[in-house]
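*Asks:* Curious how this folds, go ahead:
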Amino acid sequence: MLVMKAKQLLCLSLGLATLTVNAASFDAAYERLGLEDPEFLAWVNMEQDFFAAGQWLTRLHQNVIQANPQLPPIPVNYTNLFREMGLVDLEGVMMASERAVGPEGFVNQTLIEFGDKPKGLFTMFGSENFAFDVAGRVPAGTDAVSVVQLRPDALVTMVRQIAIGIMGPAGQSIIDQQLQRPLGPDGPSIGQLLNMLSTRITSISNVDTADVAAEAPFTLQELSGDIVYIVEGAADLPAQVAGLLPLQLRLRPVEGDPYDAMQLQFEMAPGMEQSFLMHAVPGTDDLMIANGAQARDWFLSDSSGVTDHPEFKMMAAEMPQEGIYHTWTSAKASAHAITVVEQQLATVGLPPQAQPIVDQVMGLLGTLTGPTMSTGVMGETEMHFVTLAPYSQKTTLALFGAVVPGVGAAMAIPAFQKVQQTSQEKAVTNNLRQLAAAAQQYMLETGESSVTTEQLVGEAKYISTLPSVAGESYEGMIITSETTQLSVTLPDGRTVTYSF
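*Replies:* Below is the predicted model of the structure:
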C-alpha cells in the first residue's frame, strides 16, 4: 500500500505547518470506494491545504506591493480566489486500482472529496449526472465514443465572483460588459457564444488500420479514421461564427450539398490539409461536424447503435449508470492509436540518444492495449471517477515517469549538442585567426607572398602549437598575400570559415 507524502513536501516548501494524514478520512474514502484488495493505493489528505496556501500567497503579495510602491495596489486575496475556484473545499484524494473480475484488467478509481458541494473548476463538465444512452444514436461500427457536457458558463460565474472579490461591484460590471460585447458587426456576443457552447458534445469514431499511410505526411482521416462530433442545440453555430474566423480557417458553403453543409478547411501542419463538414443533424437542432463526406455518410446511414458491441455491453454492465461524462474505446482503437504513434515516431528522425527512451515508452504503451470505459460521477460532496482498463494506475504513473524524463532528455540532448558545436566552432575560428595573423606577420617580415601552415606552426615558430578541436586538420594549408578567408572542414561535415 502506498500513502503519498507529496502534501507534506509541499507544506514544507511553502513554510506551512506540517499536516498529517487523517486516518478517519482515509478509512472513510477506502470504504466508500468499496476496496477489497487494491494493487495500487494512494491517498492525499488536503484539508485546509489551499486555505493555508492562500494565506501564505496573500501575505507574499502584500509584501511585494509594500516593497514596490510603483506597482498598482490591487488587493488580491488568494484564499478567496482559491475558494471561488473550488480548491479551498478540497479535503482529500484517493486513487486505487484493483484487478477486475472480467477480462478488462483493472478497475481504476479516483475519489475527490470536498467539504461542500463541488464548484468552480470542478463544474467545467457540469454538475448533473446523465445516462450513457447512445442506443440508436451511435453507429454499430463505432470504435470509440465519448459524451461530455461542457459548461463554460460555470467558468464565467467563477470569474465574475473573483472579480467581485477583488474590485467589488465594479468587477462584476467589467465582466458583464465584456460578456455583452459583440464579436464582429453581425456576430453574437461573447456571452451568447459561451451559452451556445454550454452543451453536450458526443464524439464518435471508427478506425481502419488499412487507412494509415506508410509514410508521412498523414491526414487526420488516416490517423483517426471517420470522426463525427454532435454538438447538441448548436445547429446555428457555423452561421454565427462564419465572419469571425481568422483567414487561416476557411468556412464556406458547399455547393449542391444535400444537407446544405458548410466546409471548414485549415492546414494542421505544412502539407497536412484538413477539412470538416458542418450541418444540422436531419430533423434536429444539433450540429454535426464530420471529417469528410465518408464519415458523414457512415454516421447517417447506420443508427443501429454501438450498444450491441460485445466489449461495450460487457463493460457498461460494470459501470455507474450515470455520470457527468462517459467514454469508451475498443481494443481495436487503442491498438490502432499505438500503431499511429509508432509510425509517426519513425518519421520524426529522433537522435540516436533518444531511441532507448522511445523504446521504453513504447514498451509501456504496449501494455495499454485493450478496451477502456470511463465515467465521472458528481456527488453532493465528492467526485468519483471509474475506469475499466487493461492497465492499473500504477502503470500510468510508470508511463508518466518514463515520458517526463524522456522528453526532458530528448530536449536536452539536441541543446547540449548545439552548445558543444558552437563551442567547437569558436575554438576552430580562433585557430584560423591565429594562422591568418601569423601568415601576415611572416609575409611582412620575409617579403614572401605565400606561406604554408608547416612554416608557421611548431617550436620556435610563430605559433608553437595548434591543437585540433574536433578532429580537423590544418596541414597543407597555403596562405597568400591575396587570401581573405580561411576555411577548414570538420569530420562531421561542418565548415568553419574566418574572414580577414
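*Asks:* going forward, measure contacts and count neighbours with C-alpha atoms only.
*Replies:* Noted.
*Asks:* Where does Gln66 sit, in terms of helix or strand?
*Replies:* helix 49-67 (DSSP states H and E).
*Asks:* Can you name the residues in contact with that helix?
*Replies:* 11, 14, 16, 71-73, 75-83, 87-88, 90 (CA atoms under 8 Å, 6 or more residues apart in numbering).
*Asks:* and if we set it to 6 Å?
*Replies:* Under the contact criterion CA atoms under 6 Å, 6 or more residues apart in numbering, helix 49-67 has outside partners 77-79, 88.
*Asks:* Neighbour-wise, which one of those leads?
*Replies:* Val88 (24 neighbours; other CA atoms under 10 Å).
*Asks:* And the contacts of helix 49-67, which is the shakiest by pLDDT?
*Replies:* Scanning the contacts of helix 49-67 for pLDDT, the low point is Asn77. It has 85.
*Asks:* The lowest-mean-pLDDT helix or strand in the chain: what's the following helix or strand?
*Replies:* Ranked by mean pLDDT, DSSP states H and E, the helix or strand of the chain with the weakest confidence is helix 6-14, at a mean of 36. Downstream of helix 6-14, the first helix or strand assigned by DSSP H and E is helix 23-32.
*Asks:* Can you give the distance of that following helix from its chain's centre?
*Replies:* Put simply, helix 23-32 sits 33 Å off its chain's centre (CA atoms, centre = their mean, to the nearest Å).
*Asks:* Heading C-terminal from that helix, find the next helix or strand.
*Replies:* Assigned by DSSP H and E, the successor of helix 23-32 is strand 40-45.
*Asks:* Return that following strand as CSV; C-alpha atoms alone will do.
*Replies:* The C-alpha coordinates for strand 40-45 follow below in CSV (Å, rounded to 0.1, in the frame of the first residue of the first chain):
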residue,chain,number,x,y,z
PHE,A,40,-2.3,0.3,-6.1
LEU,A,41,-3.5,2.8,-3.4
ALA,A,42,-2.6,6.4,-3.0
TRP,A,43,-4.1,8.9,-0.6
VAL,A,44,-3.5,12.7,-0.1
ASN,A,45,-5.2,14.5,2.8
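*Asks:* before we move on, the earlier item: okay, buried residues for the helix holding Gln66 please.
*Replies:* For helix 49-67, burial by neighbour count (16 or more other CA atoms under 10 Å) applies to 49-58, 61-62, 65.
*Asks:* pLDDT and distance to Gln178 added to those, as JSON lines?
*Replies:* What follows is the buried residues of helix 49-67, written out as JSON lines (pLDDT from 0 to 100; distance: CA to CA, whole Å):
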{"residue": "Asp49", "pLDDT": "89", "distance to Gln178": "33"}
{"residue": "Phe50", "pLDDT": "91", "distance to Gln178": "30"}
{"residue": "Phe51", "pLDDT": "92", "distance to Gln178": "30"}
{"residue": "Ala52", "pLDDT": "92", "distance to Gln178": "33"}
{"residue": "Ala53", "pLDDT": "92", "distance to Gln178": "31"}
{"residue": "Gly54", "pLDDT": "89", "distance to Gln178": "28"}
{"residue": "Gln55", "pLDDT": "92", "distance to Gln178": "30"}
{"residue": "Trp56", "pLDDT": "93", "distance to Gln178": "32"}
{"residue": "Leu57", "pLDDT": "91", "distance to Gln178": "28"}
{"residue": "Thr58", "pLDDT": "90", "distance to Gln178": "27"}
{"residue": "His61", "pLDDT": "87", "distance to Gln178": "27"}
{"residue": "Gln62", "pLDDT": "88", "distance to Gln178": "29"}
{"residue": "Ile65", "pLDDT": "87", "distance to Gln178": "28"}
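*Asks:* And the furthest pair within those?
*Replies:* Across the buried residues of helix 49-67, the longest distance by CA to CA is 24.4 Å; it joins Asp49 and Ile65.
*Asks:* Between the contacts of helix 49-67, which sits nearest Thr489?
*Replies:* Out of these, the member with the shortest distance to Thr489 (by CA to CA) is Tyr78, at 59.3 Å.
*Asks:* Restrict stretch 83-98 to CA atoms and write it as PDB.
*Replies:* Extracted C-alpha coordinates of stretch 83-98, given in PDB (Å, rounded to 0.1, in the frame of the first residue of the first chain):
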ATOM      1  CA  ARG A  83     -12.300  29.300  -2.700                       C
ATOM      2  CA  GLU A  84     -14.100  30.500  -5.800                       C
ATOM      3  CA  MET A  85     -12.100  28.000  -7.800                       C
ATOM      4  CA  GLY A  86     -13.400  25.300  -5.600                       C
ATOM      5  CA  LEU A  87     -10.000  24.400  -4.200                       C
ATOM      6  CA  VAL A  88     -10.400  25.500  -0.500                       C
ATOM      7  CA  ASP A  89     -13.100  22.900   0.000                       C
ATOM      8  CA  LEU A  90     -10.800  20.000  -1.200                       C
ATOM      9  CA  GLU A  91     -10.400  17.500   1.700                       C
ATOM     10  CA  GLY A  92      -8.700  14.500   0.100                       C
ATOM     11  CA  VAL A  93      -8.000  12.500  -3.000                       C
ATOM     12  CA  MET A  94      -7.700   8.700  -3.100                       C
ATOM     13  CA  MET A  95      -6.600   6.700  -6.100                       C
ATOM     14  CA  ALA A  96      -6.900   2.900  -6.200                       C
ATOM     15  CA  SER A  97      -6.600   0.100  -8.700                       C
ATOM     16  CA  GLU A  98      -8.000  -3.500  -8.300                       C
END
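*Asks:* can you list contacts of that stretch?
*Replies:* Outside stretch 83-98, the residues that touch it by CA under 6 Å, 6+ apart are 38-47, 50-51, 82, 106-115, 119-121, 158, 392.
*Asks:* With stretch 384-392 instead?
*Replies:* With CA under 6 Å, 6+ apart, stretch 384-392 has contacts from 97, 104-111, 368, 370, 372-377.
*Asks:* Which of those fall in helices?
*Replies:* Assigned to helices by DSSP state H, none of these qualify.
*Asks:* before we move on, back to that, drop anything exposed from the contacts of stretch 83-98.
*Replies:* Here, 16+ other CA under 10 Å leaves 38-47, 50-51, 82, 106-114, 119-121, 158, 392 buried among the contacts of stretch 83-98.
*Asks:* Is Val496 bridged to anything, and to what?
*Replies:* Val488 (DSSP bridges).
*Asks:* Could you pull out the helices in the stretch 351-500 of the chain for me?
*Replies:* With DSSP state H, counting those that start in this stretch, the ranges of helices along the stretch 351-500 of the chain come out as 355-365, 393-446, 453-456.
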